[in-house]
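S.K.: Attaching a predicted model along with its sequence, questions to come.
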Amino acid sequence: MTKETKQFQTEVKQILDLMIHSLYSQREIFVRELISNASDALDKLRYVEAADAELQTDSADRQIRLIADATNRTLTIMDNGIGMSYAEVEKNIGTIAYSGSKEFLQKAQKLKNQAELIGQFGVGFYSSFMVADKVTLHTQKAGESTATQWQSVGDGSYEIETTPVRPEGQGTSICLHLKDLSSEAGEDEKSQDFCNEWTLRSLVKKYSDFISYPIVMKVERQEPVLDEKGEAIKDQSTTVSKDETLNSQKALWLRNPKEVSDEEYHEFYKHVASDWENPLDKIHFRAEGSQEFSALLYIPSKVPYDYNYREIKYGLSLYVKKVFILENCEKLLPPYLRFLKGVIDSSDLSLNVSREMLQQDRQVAAIKKALIAKVVRSLATLLEKNRETYEKFWQNFGPTLKEGIPSDQANKDKFLPLLLVHHSNGAKLITLQEYVDTMPAEQKDIYYMTGDSLNQLQASPHMERLREKNFAVLFLIDPVDEWVMNSLTEFAGKKFVSLTSGNLDLDSETEKKTKEEKIKGHEERLKPVTEAMQEALAEAVKEVKISDRLVDSPVCLVSGSDAPSAHMERLMAAMGQDMPTSKRILEINPNHPIFAKMLTFSKDKNQNWAELLYSQALLNEGSPIKDPAKFSKQLTELMVNL
Ligand code: ADP
Ligand code: MG
């Protein structure tokens, strides 16, 4: 077929531009990226072979080969993995699949450390352009009888053509025509020769030692010449070239944690998680009992940029006795642990286990259960031993972990000690236990309020009485908190009580008695006002009621004890979900001077003011007012008549 010249997708062009013009340090990571891709391709081949008995592939040993050609200044990375079809080359190498790529690029272009985006974004392949001024890729997909040649100098376009079969059979070779870096700024870059055996050796050791396929390179060695008896002839040697495997291929997760260095853990993380940065923490263990397996799990140090996309794949890589089976195996992890990256290696599952079989497998369920238990224990230890790291984890993934409370009834209680919450009496996040431990003796319940922001909650009229009593309130501002709180009743024998619910019980029995009497008195005194308000707001609220909840504000809205909170209603509305809005109670502060004033007004005027007060109550809690135009008009009139 003829050679065609095609344009890269805009995002790819921008990335290539970054690679070529902005990234001067850490160029060597292209080795890791290309080897990682080769390893993925070999994994995929193994997977399709297991699933499709018909597929005929070249049965040569699965391996990754580095071919350095110092004369022509090229380095080729070759694998006999799954390979790519013509269409796949166009798709995988010419475009970026993620829908959020544009948004991400914009962010990346502002980012100082642009290197960060390489790993996060999975632009692995394009890193070749950091060291090469021309890249040639030759690939043949397993089962196909033609190959595809792709070539680019990174200038915005590439050439692609179909070629006859690859002499090596299925797989991919990527030939890098190395740039002359001798004029580069950094000393490291100058001295690094990517054709040099020792450079490549040390890079493989550094980044890819754990890769489970042999990474082979031809090396030349001087060997003595032997005589007929097989003995070395003195002072005579000859150059022989032979294959050498550069990596130990040791499955890191099966090793004793004491014998694995931090560097090794970090490099392996970058490989499994396609991340650039080191992980925040790891959980490495071997489970024995009903299911035997080893697991190496990582907590990323940042939220992956595509974490909140609905299609995001999550899950661990599943191995059975060191043989790779599946990536993104989500059946092993509940959704609320989806931030974890890593591998699990079972000694008990069968080698031909498939995604479908995993669905109902009892063994898988047992593994999942053991994983959850271990993760919970590890997080508890982290919280206890290293609060700072735990808080970082919490800031990134706390909202995800919290989903476990409403969704995993069996483990719900284990998550409670792991919660960190904001509260009204300080900026520090606290645990529920810390909250309970510092409760004043007369406080009976755990008070909380949900809302959109800490400032809004702190300023809420509902806080007034609590502040007077010096009771702390938990401030819950993650969208998921509404669901979490709906499924919680108590902690350490204390009830959770929403501060905005109808019957807030803050006082002792004697306090209550005197208050009840006082309120009766106020009810008598303010009757004309409350009746006028009630009439004016009959559509909007269930009741206008005198209460002792407020200290400084005139009014606030409260929900019935079983009714959803205003915040919940707003959340549902934001998601386009209809929810029967329940009428709430407008509580008024009888000591506020406004009501003494209203006693002197006509009924009409009181009704007008009732509407104004109701609108204020809505605004205070962050809810929209129904008719902003009317509200403005009423307010203006009020100002005019002042
Ligand atoms: P990622 O590995 O994160 O997907 P890359 O830029 O490294 O991103 O690779 C892009 C895609 O190109 C891969 O997902 C894969 O489909 C394809 N690819 C790259 N290298 C190879 C290879 N050696 N063999 C087969 N496919 C490959
Ligand atoms: Mg890659």
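M.R.: Alright, I've got the coordinates. No experiment lies behind these values; they were computed from the predicted model shown. Ligands and ions are numbered 1, 2, ... in the order given.
S.K.: which stretches of this protein aren't confidently modelled?
M.R.: By pLDDT under 70, the weakly predicted segments of the chain are 1, 22-25, 56-60, 97-123, 183-191, 310, 351-357, 359-360, 561-562, 579-580.
S.K.: Show me the domain layout of it.
M.R.: 4-245, 252-387, 419-498, 509-640 (automatic domain parsing).
S.K.: Out of these, which gets nearest to ligand 2?
M.R.: domain 4-245 (3.0 Å; C-beta to the ion). All C-beta atoms are positioned from the backbone trio N, CA, C, and that covers glycine.
S.K.: element containing residue 66, please.
M.R.: In this structure, residue 66 sits in strand 64-69 according to DSSP states H and E.
S.K.: which helices and strands does that strand pack with?
M.R.: For strand 64-69, the packing partners by 3 or more C-beta pairs under 8 Å, 6 or more residues apart in numbering; DSSP states H and E come out as helix 29-51, strand 74-79, helix 197-208, strand 215-226.
S.K.: coming back round to it: closest one to residue 406 among the domains of the chain?
M.R.: Proximity to residue 406 (C-beta to C-beta) singles out domain 419-498 among these, at 4.2 Å.
S.K.: circling back to that earlier point, possible to save the domains of the chain as TSV with mean neighbour count?
M.R.: Formatted as TSV, those follow (neighbours: other C-beta atoms under 10 Å):
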stretch	mean neighbour count
domain 4-245	17
domain 252-387	17
domain 419-498	17
domain 509-640	16
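S.K.: any chance of these in JSON lines, plus distance to ligand 2?
M.R.: Listed next are the domains of the chain as JSON lines, based on distance: least, C-beta to the ion, whole Å:
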{"stretch": "domain 4-245", "distance to ligand 2": "3"}
{"stretch": "domain 252-387", "distance to ligand 2": "7"}
{"stretch": "domain 419-498", "distance to ligand 2": "32"}
{"stretch": "domain 509-640", "distance to ligand 2": "35"}
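S.K.: Would you mind saying which of these lies nearest residue 411?
M.R.: Closest of these to residue 411 is domain 252-387, at 6.1 Å (criterion: C-beta to C-beta).
S.K.: what does the strand holding residue 66 contact?
M.R.: 35, 38-39, 42, 74-79, 194-197, 200, 204, 211, 213-218, 246 (C-beta atoms under 8 Å, 6 or more residues apart in numbering).
S.K.: Then stretch 416-432?
M.R.: Outside of stretch 416-432, the residues within contact range by C-beta under 8 Å, 6+ apart are 376, 379-380, 383, 390-391, 394, 398, 401-402, 405, 433, 435, 446, 454, 457-458, 463, 466-467, 472-477, 488, 491-492.
S.K.: what separates the closest residue to ligand 1 within the stretch 251-400 of the chain from residue 304, distance-wise?
M.R.: For the stretch 251-400 of the chain, the residue closest to ligand 1 is residue 274, as judged by C-beta to the nearest ligand atom, at 5.0 Å. Residue 274 sits 9 Å away from residue 304, going by C-beta to C-beta, to the nearest Å.
S.K.: cool, residue 41 as well?
M.R.: 23 Å.
S.K.: Adjacent strands (with direction) for the strand holding residue 66?
M.R.: strand 74-79 (antiparallel), strand 215-226 (parallel) (DSSP bridges).
S.K.: near ligand 1, anything from the first one?
M.R.: So that's strand 74-79. Yes - Strand 74-79 lies within reach of ligand 1 by C-beta under 6 Å from any ligand atom, at residue 79.
S.K.: Surely residue 154 is in contact with residue 14?
M.R.: No - using C-beta atoms under 8 Å, residue 154 makes no contact with residue 14, being 11.9 Å away.
S.K.: What is the longest strand of the chain by residue count?
M.R.: If you go by DSSP state E, the chain has its longest strand at strand 232-245.
S.K.: hmm, who's touching that strand?
M.R.: Contacts of strand 232-245 (C-beta under 8 Å, 6+ apart): 214-227.
S.K.: now the angle from it to strand 64-69?
M.R.: Note on geometry: by axes from the mean of the first three to the mean of the last three C-alpha atoms, to 10 degrees, strand 232-245 and strand 64-69 are set 120 degrees apart in direction.
S.K.: quick one: the helix or strand following strand 232-245 to chain centroid distance?
M.R.: Using DSSP H and E, the helix or strand that follows strand 232-245 in sequence is helix 262-273. Distance, stretch centre to chain centre, for helix 262-273: 17 Å (C-alpha atoms, centre = their mean, to the nearest Å).
S.K.: which strands and helices sit next to helix 262-273?
M.R.: helix 29-51, helix 197-208, strand 281-287, strand 293-299, strand 341-346.
S.K.: Apply 7 Å and report the result again.
M.R.: If you count contacts as 3 or more C-beta pairs under 7 Å, 6 or more residues apart in numbering; DSSP states H and E, helix 262-273 packs onto strand 341-346.
S.K.: Paired strands for the strand it packs on, with orientation please.
M.R.: Strand pairing for strand 341-346, determined by DSSP bridges: strand 293-299 (antiparallel), strand 316-320 (parallel).
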